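Visitor: the following comprises the amino acid sequence and a computationally predicted model.
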Amino acid sequence: MKIFFRFQTFRFIWLAKPPGQHFHRDHQLWTLTLADFEAIHRCDRSLPKNFNFAGDVLDQWSQKEKTGERPANPALWWVNGKGDEVKWSFRELGSLSRKAANVLTKACGLRRGDRVAVILPRIPEWWLVNVSCMRTGLVFMPGTVQLTAKDILYRLRASKARCIVAGEEVAPAVESIVSECPDLKTKLLVSPHSRNGWLSFQELFQSASEEHSCVETGSQEPMAIYFTSGTTGSPKMAQHSQSSLGIGYTICGRYWLDLKSSDIIWNMSDTGWIKAAFGSVFSSWLQGACVFVHQMTQFDPDTFLDTLTTYPITTLCSAPTVYRMLVQKDLKRYKFKTLRHCVTGGEPLNPEVLERWRAQTGLELYEGYGQTEVGIICANQKGQEIKPGSMGKRVLPYDVQIIDENGSILPPGKEGDIALRLKSTWPFCFFSEYVDNPEKTAATLRGDFYVTGDKGVMDSDGYFWFVGRADDVIITSGYRIGPFEVESALIEHPAVVESAVVSSPDPVRGEVVKAFVVLSAPFKSSNPEKLTLELQTHVKNLTAPYKYPRKVEFVQELPKTITGKIKRNTLRDQEWGRK
Ligand SMILES: Nc1ncnc2c1ncn2[C@@H]1O[C@H](COP(=O)(O)OP(=O)(O)OP(=O)(O)O)[C@@H](O)[C@H]1O
């Protein structure tokens, strides 16, 4: 409720001023267009020397609003399910983020290039702080509110952050470790209440000026640091530039998300992950679309479906795990009047889930494949035929290939490492480096390629098929087995909600396939031995028989990262007694 009133006040202040009075033309306006950005992707045009997403993109949309060239669609539409709502136009976002920029530079004394850790839930301030970091040249480092004190300590120390912006959810955790972070100078609290030792964002914001000139950042200047999901180890700090994020998501916003300025996109990602930057900032705002946010603290299928039927959302972006849960419901009961485009990624999407989504909603599900480091690499783009189970075709400007251990390109149909060919220069939409970790950055290279660490196959039509993370591939009796194929076979059985397939030690074969299975409600009390046999026969009938899980364990849930990805390595370590 507090947030609502606060922002209603901002809105009132803004509307009380004559339109345009506080509009700033910071630099470069309209020297670059979306067509230019696409030309950069196609390598038909070089990167501009300077680029700033706030000045060169957001302020352009603000200008278009002024001249009526953009539909009357908010830039940000936030709800919390309790009746509170915030709607900002691009002009409002511009004016509010200039105030926030002054809070960061004047009141907090931060300087261009300083790193700012931002641990906020899905509240409008997250977008304000993000855009104000762009305006001031500060390096934005988001983290999820689910981080523990230990996680926060790791992030603050590794990044040498100068400032942390957080809410009350994590303030006690920050206080418990702050003495171990000598580089941290400022703690900025986003809350209606004050707290000892913290500056109050709300108070400083109220009195901050709207006058601010956007910093003229270089295209390759650092813009953000993203910690990877930590699916396979400690999160790595992938640093992105103004252009890698600010221009690099043009093609996928246009052709994968199929966005136009009249669209309203609901991207479910937590604010701590690059998927939030991708879907709720860059891809969408490059196209001038409205970003819809529901501040759900926990995913709840019923609230989710109500939201989708209540608001005029046109585009949905969510992880496969969400679609896996949704297809358990009777979706035919819901009318999604405006929804027309659904995408997913971050994990493999089982073909069974795609088929069930299609059958129940009449909508396609467009899968994309990407990484924090390099953005979207492959996707089923609008207009392309979808092959269920495939991640689609390569996305410009990437030249995606399957290579062997020597860096040689493998022919279609052969399994190998999914890799991106590097021309003479580092692609502009790549991360710049893993901060302070040149060895890790160098380890991603093999000959002329950047190696993703995933195994896959390309077919003769140029579609890519995910086999598994390189470490997840199971080698048994000389056969190589990708967990995804076995999991996809298992989920076709009505007893299986989801599963994780890993290697397990075996005295004869070295390792064998083991499946951890979460059962659907009607099968929860089945006889385990009988059901194991049934599932094994089912997999043998659907895939090459040697892939069937020799061991099956029924579990209540699977270990997952905060982003919802299955942590197969945890189960594998457990099997091999490595814990
Ligand atoms: N459509 C997809 N199908 C299969 N796997 C996917 C898909 N999209 C993403 N992934 C997986 O997610 C990985 C990228 O995720 P992210 O950048 O969040 O880091 P992470 O690899 O999960 O974490 P860490 O590097 O810390 O272990 C990809 O390398 C791939 O393994």
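Guide: Alright, I've got the coordinates. Residues are numbered from 1 along each chain as shown.
Visitor: tell me which element the closest residue to the ligand within the stretch 401-550 of the chain is part of?
Guide: Of all residues in the stretch 401-550 of the chain, residue 466 sits closest to the ligand, at 4.1 Å by C-beta to the nearest ligand atom. Every residue, glycine included, has its C-beta placed from N, CA and C. Assigned by DSSP states H and E, residue 466 belongs to strand 464-469.
Visitor: buried residues, whichever helix or strand comes after that strand. List them.
Guide: Moving toward the C-terminus from strand 464-469, the next helix or strand (DSSP H and E) is strand 474-476. In terms of neighbour count (16 or more other C-beta atoms under 10 Å), strand 474-476 has its buried residues at 474, 476.
Visitor: any stretches of the stretch 151-300 of the chain with poor pLDDT?
Guide: Scanning the stretch 151-300 of the chain for pLDDT under 70 picks out 229-233.
Visitor: the helices in it, which residues?
Guide: Listed in chain order, the helices of the stretch 151-300 of the chain (DSSP state H, counting those that start in this stretch) span 171-177, 201-207, 242-246, 250-251, 274-277, 283-286.
Visitor: reformat those as a markdown table; add mean neighbour count and distance to residue 317.
Guide: Converted to a markdown table, the helices of the stretch 151-300 of the chain look like this (neighbours: other C-beta atoms under 10 Å; distance: least, C-beta to C-beta, whole Å):
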| stretch | mean neighbour count | distance to residue 317 |
| --- | --- | --- |
| helix 171-177 | 17 | 29 |
| helix 201-207 | 16 | 28 |
| helix 242-246 | 26 | 16 |
| helix 250-251 | 24 | 16 |
| helix 274-277 | 24 | 8 |
| helix 283-286 | 27 | 9 |
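Visitor: and of the ones you listed, who's closest to the ligand?
Guide: Closest among the helices of the stretch 151-300 of the chain, once you apply C-beta to the nearest ligand atom, is helix 274-277, at 6.7 Å.
Visitor: who does that closest one touch, helix- and strand-wise?
Guide: Helix 274-277 sits against strand 222-227, with contacts defined as 3 or more C-beta pairs under 8 Å, 6 or more residues apart in numbering; DSSP states H and E.
Visitor: what is the strand it packs on packed up against?
Guide: So strand 222-227, by 3+ C-beta pairs under 8 Å, 6+ apart, packs with helix 124-136, strand 139-142, strand 237-241, helix 242-246, helix 274-277.
Visitor: got these as a markdown table, with distance to residue 444 columns?
Guide: Formatted as a markdown table, the helices and strands packed on strand 222-227 follow (distance: least, C-beta to C-beta, whole Å):
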| stretch | distance to residue 444 |
| --- | --- |
| helix 124-136 | 26 |
| strand 139-142 | 21 |
| strand 237-241 | 10 |
| helix 242-246 | 15 |
| helix 274-277 | 16 |
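Visitor: do you know which of the ones you listed lies nearest residue 478?
Guide: Of all those, strand 237-241 sits nearest to residue 478, with 36.2 Å by C-beta to C-beta.
Visitor: next structured bit after the lowest-mean-pLDDT helix or strand in the chain?
Guide: Ranked by mean pLDDT, DSSP states H and E, the helix or strand of the chain with the weakest confidence is helix 2-15, at a mean of 34. Downstream of helix 2-15, the next assigned helix or strand under DSSP H and E is helix 34-41.
Visitor: how about residues contacting that next one?
Guide: Identification of contacts with helix 34-41 by C-beta atoms under 8 Å, 6 or more residues apart in numbering yields 45-47, 247, 250-251, 254, 286-287, 396-397, 428-429.
Visitor: quick one: which of the helices and strands packed on strand 222-227 is nearest residue 446?
Guide: strand 237-241 (18.5 Å).
Visitor: so which other helices or strands are in contact with the closest one?
Guide: strand 222-227, strand 433-434.
Visitor: next, format those strands as JSON lines and append distance to residue 563.
Guide: Formatted as JSON lines, those follow (distance: least, C-beta to C-beta, whole Å):
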{"stretch": "strand 222-227", "distance to residue 563": "11"}
{"stretch": "strand 433-434", "distance to residue 563": "19"}
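Visitor: deepest in the core, which of the ones you listed is it.
Guide: Per-stretch averages of neighbours, counted by mean count of other C-beta atoms under 10 Å, single out strand 222-227 among the helices and strands packed on strand 237-241, with a mean of 25.
Visitor: which stretches of the stretch 251-400 of the chain form strands?
Guide: Taking DSSP state E, counting those that start in this stretch as the test, the strands found in the stretch 251-400 of the chain are 264-267, 290-294, 315-318, 341-345, 365-371, 375-379, 390-394, 400-403.
Visitor: turn the helices of the stretch 151-300 of the chain into CSV, columns for distance to the ligand.
Guide: CSV is the format used below for the helices of the stretch 151-300 of the chain (distance: least, C-beta to the nearest ligand atom, whole Å):
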stretch, distance to the ligand
helix 171-177, 21
helix 201-207, 28
helix 242-246, 14
helix 250-251, 17
helix 274-277, 7
helix 283-286, 15
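Visitor: coming back round to it: can you redo the helices and strands packed on strand 237-241 as CSV with distance to the ligand?
Guide: Below are the helices and strands packed on strand 237-241 laid out as CSV (distance: least, C-beta to the nearest ligand atom, whole Å):
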stretch, distance to the ligand
strand 222-227, 8
strand 433-434, 10
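Visitor: using a markdown table, lay out the helices of the stretch 151-300 of the chain together with distance to residue 562.
Guide: As requested, the helices of the stretch 151-300 of the chain are exported to a markdown table (distance: least, C-beta to C-beta, whole Å):
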| stretch | distance to residue 562 |
| --- | --- |
| helix 171-177 | 14 |
| helix 201-207 | 24 |
| helix 242-246 | 21 |
| helix 250-251 | 28 |
| helix 274-277 | 12 |
| helix 283-286 | 22 |
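Visitor: residue 385: which of those helices is closest?
Guide: Among the helices of the stretch 151-300 of the chain, the nearest to residue 385 by C-beta to C-beta is helix 250-251 (18.9 Å).
Visitor: turn the strands of the stretch 251-400 of the chain into a markdown table, columns for distance to residue 178.
Guide: Converted to a markdown table, those look like this (distance: least, C-beta to C-beta, whole Å):
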| stretch | distance to residue 178 |
| --- | --- |
| strand 264-267 | 32 |
| strand 290-294 | 29 |
| strand 315-318 | 35 |
| strand 341-345 | 36 |
| strand 365-371 | 32 |
| strand 375-379 | 33 |
| strand 390-394 | 42 |
| strand 400-403 | 43 |
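Visitor: sounds good, over and out.
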